[in-house]
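Trainee: based on what follows, work out the 3D shape:
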Amino acid sequence: MEMKKVLRYKYPIEYELNPTEMDKGKQWVTLTLKNVGNKTLKRLDVELHSLDTFYLSPLFFPFGIGHYIEELQPDEEREVVFQVNAQGSAEVYATINARRDGEYFSWESGWTHVSVSEEKAEIGRLVVLSHPYTTIGKTLSVEATIKGLRKSTGLKLEFYVETPSGKFEEQATIDIKDLPVGEEARYSAEFTPKEMGYYNIYAYLYDGWRKIGHKKDSIYAEKA
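Mentor: Numbers count the residues shown, from 1 in each chain. Now for the predicted structure:
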């Protein structure tokens, strides 16, 4: 599969993860790190993490969930290789624990989306169409954006809400009959907060019986 290069930056590290598109199964990914700061980093402990280990997880030793770099000087670039078990798309990120000027240094990258080629579609985003806060009794709309990756039929989208008291309630189930490759479609559901506190909203995307993606958003409901 052709590599899709995505160069990212978070001071003092410029970084790149390749590939970001892969086949299902055990795969290798390369993380390229460049010190763009003006101070040398020493004793770097570099790790790769997944936000959803059900779909994609870095494999442990001897394949290498973590790597050690003795030193990374200004403008120096190094590559570290990880093996992952890819069963579905997920967001991944890297962390570095090191020393800089004799002091402890901790760094965390942004999220990089890794796609698995066998999947028909993915959830691009999930948003509650409201401000971060709302009031009890006000009906809200939740919207999920689904992107077609391959010719697909038989997809299903489910919306659930977890209430402040711990109840997990289904809000809607939507059958997606056809989603052309490369196109996006938006689907929504409504719910009405009935108690004060944080609500977690979930969207689950299924291909038949198999879950191929999910997203989460939150909102706080207070008294009017």
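
Trainee: C-alpha from now on. contacts and neighbour counts both.
Mentor: Will do.

Trainee: work out for me the element the residue nearest in space to the middle of the chain sits within.
Mentor: Centroid check for the chain by C-alpha atoms, centre = their mean gives residue 91 as the closest residue, at 2.7 Å. Taking DSSP states H and E as the criterion, residue 91 maps to strand 90-100.

Trainee: rewinding a little: pLDDT at the residue nearest to the centre of the chain, what is it?
Mentor: Per-residue pLDDT puts residue 91 at 88.

Trainee: average pLDDT for the top strand by length along the chain?
Mentor: Identified as the longest strand of the chain according to DSSP state E is strand 210-222. Mean pLDDT, computed over strand 210-222, is 88.

Trainee: tell me the angle it makes with strand 90-100.
Mentor: Using axes from the mean of the first three to the mean of the last three C-alpha atoms, to 10 degrees, the direction of strand 210-222 lies 70 degrees away from that of strand 90-100.

Trainee: by contact count, what packs against strand 210-222?
Mentor: Contacts defined by 3 or more C-alpha pairs under 8 Å, 6 or more residues apart in numbering; DSSP states H and E place strand 210-222 against strand 121-128, strand 133-135, strand 197-207.

Trainee: the domain parsing of this structure - what is it?
Mentor: Domains of the chain are assigned by automatic domain parsing as 7-116, 121-222.

Trainee: specify the beta-bridge partners of residue 221.
Mentor: residue 134, residue 197 (DSSP bridges).

Trainee: residue 100 now?
Mentor: With DSSP bridges as the criterion, residue 100 is bridged to residue 41, residue 103.

Trainee: mind listing what the nearest residue to residue 163 once chain neighbours are set aside touches?
Mentor: Leaving aside its sequence neighbours, residue 163 sits nearest to residue 199 (C-alpha to C-alpha, 6 or more residues apart in numbering; 5.0 Å). Applying C-alpha atoms under 8 Å, 6 or more residues apart in numbering, one finds that residue 199 lies in contact with 161-164, 218-221.

Trainee: mind saving the C-alpha coords of the longest strand of the chain as CSV?
Mentor: Only the C-alpha atoms of strand 210-222 are listed here, as CSV (Å, rounded to 0.1, in the frame of the first residue of the first chain):
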residue,chain,number,x,y,z
ARG,A,210,-19.2,-6.0,13.4
LYS,A,211,-18.5,-2.7,15.0
ILE,A,212,-16.1,-0.7,12.8
GLY,A,213,-16.0,2.6,14.6
HIS,A,214,-17.3,4.8,17.4
LYS,A,215,-17.0,8.4,18.7
LYS,A,216,-17.9,10.1,21.9
ASP,A,217,-18.9,13.6,22.9
SER,A,218,-20.0,15.2,26.3
ILE,A,219,-22.2,18.0,27.5
TYR,A,220,-23.2,19.3,30.9
ALA,A,221,-26.8,20.0,31.8
GLU,A,222,-27.7,22.5,34.5
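
Trainee: having no further points to raise, I will conclude here.
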